[in-house]
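Participant: Next come a sequence and a model predicted from it.
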Amino acid sequence: MQTQTPRTLASAASAAALVLLLAACGTEGGTAGAGSGSGSDTVSPDLPVAGTHWTIGAVTVDGRRSAAPDGARVEFGSDGRARGNSGCNTFGATVAVKGDTLTVSPQEITEMGCPGDRQRFETELVKAFTGPLKGKQKGDALTLTSADGRNGLELTAEADLPLRGTTWKIDGLISGDTASSLPAGSGDKARFVLGADGRVTGNLGCNNFAATARVEGKTLTIEGPAATTRMMCTSPQMQLETKLYELLDGPLTYRLDHRTLTLTNAAGEGLGAKAAAGTTGETSEGTGGTDGQEPPAPR
């Protein structure tokens, strides 16, 4: 995040006059050659990390490198904050960017119990992702290194995921301007994938479903009602399944943001979803994000 120090009008005018004077001096005796000691300094632009998403490949603490577990990632928002996951807990920090240096101030981290190896990595990540870190970007790779070179992170840019072929795990419901979590006890099976063949398959929280769908502009139209399997479900699962069955029928406006997706109907009712762990955007046809049940044939 670039900061600017306010200047008075008088100081700005003085600076402008000085620039003109130096320019005149430089042209009086001809053009100065490179390396002539003109003293012109350039200010390095800020590292363009705002709005980017990264997979954490490894961290180094006190010269010791540790590979990251699956799911370790960090994103830099345009609000001067970083948010991420250690492979176990989620974390947040404030980040000030000046030139090629990021100054990181950890703010919060959840406290879910982690297996031993992931807990060790998380501890090292917090140590490495703290304080002033010099950034160096080359292609899709970004390294952040402490001033003494003993601590650092190795990051790889995450590509935005496509609407089709990605397994979208449903994690919330939308009603107007209000977003809520899924009903307590409904589990985490609800998901879907839109195939390249125009077939949408998945799980409604208990039963698998299948339907045909088409995409036009920012509208995903599911030609329901969907065909479903007929397993017995718990009450919370059935509550969620009924809601999703009603939602996934007809035209839905979709909004895709990196690895999150929202679908809303004309009444403002909808769902939120995130790309399932390990998703690459190349989900095999036939799996449909289901839990092993055979997806029913669309009606």
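Facilitator: That came through fine. Residues are numbered from 1 along each chain as shown.

Participant: beta partners of the nearest residue to R259 once chain neighbours are set aside?
Facilitator: Among residues not flanking R259 along the chain, A275 sits closest, at 4.2 Å (C-beta to C-beta, 6 or more residues apart in numbering). Just so you know, the C-beta spots here come from the backbone N, C-alpha and C atoms, and that holds for glycine as well. For A275, the beta-bridge partners are W168 (DSSP bridges).

Participant: can you check T145 too?
Facilitator: Beta-bridge partners, per DSSP bridges, of T145: K134, G152.

Participant: and it, what does it touch?
Facilitator: By C-beta atoms under 8 Å, 6 or more residues apart in numbering, the contact list for T145 reads L133, K134, K136, N151, G152.

Participant: For S180, state which of the residues you listed is nearest.
Facilitator: The shortest approach to S180 among the contacts of T145 belongs to L133, at 37.2 Å (C-beta to C-beta).

Participant: Isn't the closest one up against L144?
Facilitator: Yes: between L133 and L144 a contact is recorded at 4.0 Å, counting by C-beta atoms under 8 Å.

Participant: Which one of the two is surrounded by more residues?
Facilitator: Remark: of L133 and L144, L144 carries more neighbours, 26 against 21, as counted by other C-beta atoms under 10 Å.

Participant: Model confidence at that one, what's the number?
Facilitator: On pLDDT, L144 comes in at 98.

Participant: who touches it in this structure?
Facilitator: Contact analysis of L144 by C-beta under 8 Å, 6+ apart lists L102, A128, F129, L133, K134, G135, G152, L153, L155.

Participant: does R73 have beta-bridge partners, and which?
Facilitator: Beta-bridge pairing of R73 under DSSP bridges involves T55, N85.

Participant: ok, now which ones touch the most centrally placed residue in the chain?
Facilitator: Residue closest to the average C-alpha location in the chain (C-alpha atoms, centre = their mean): H53, at 4.9 Å. Taking C-beta under 8 Å, 6+ apart, we find H53 in contact with R73, V74, E75, A157, E158, H258, R259.

Participant: List only those of these flagged as buried.
Facilitator: The neighbour count (16 or more other C-beta atoms under 10 Å) marks R73, V74, E75, E158, R259 as buried among the contacts of H53.

Participant: helix or strand for the closest residue to the third one other than its chain neighbours, which one?
Facilitator: Going back to what we said before, that points to E75. Once flanking residues are discounted, E75 sits nearest to H53: 4.3 Å by C-beta to C-beta, 6+ apart. According to DSSP states H and E, H53 maps onto strand 52-61.

Participant: Would you mark the buried spots in that strand?
Facilitator: Residues of strand 52-61 classed as buried by neighbour count (16+ other C-beta under 10 Å): T52, H53, W54, T55, I56, A58, V59, T60, V61.

Participant: One more: stretch 235-250?
Facilitator: Using 16+ other C-beta under 10 Å as the test for burial, stretch 235-250 gives P236, Q237, M238, Q239, L240, E241, K243, L244, Y245, L247, L248, D249.

Participant: Next secondary structure element downstream of the strand holding H53?
Facilitator: strand 64-67.

Participant: So which bits of that following strand are buried?
Facilitator: S66.

Participant: what about L125, which SS state?
Facilitator: With DSSP: H, G, I helix; E, B strand; the rest coil as the basis, L125 sits in helix.

Participant: since we're on it, how many residues are nearby?
Facilitator: Using other C-beta under 10 Å: L125 sits among 28 other residues.

Participant: One more: M112?
Facilitator: M112: 8 surrounding residues under other C-beta under 10 Å.

Participant: helix/strand/coil for it?
Facilitator: When classified by three-state DSSP, M112 comes out as coil.

Participant: and what of D117?
Facilitator: Here D117 is recorded as helix under three-state DSSP.
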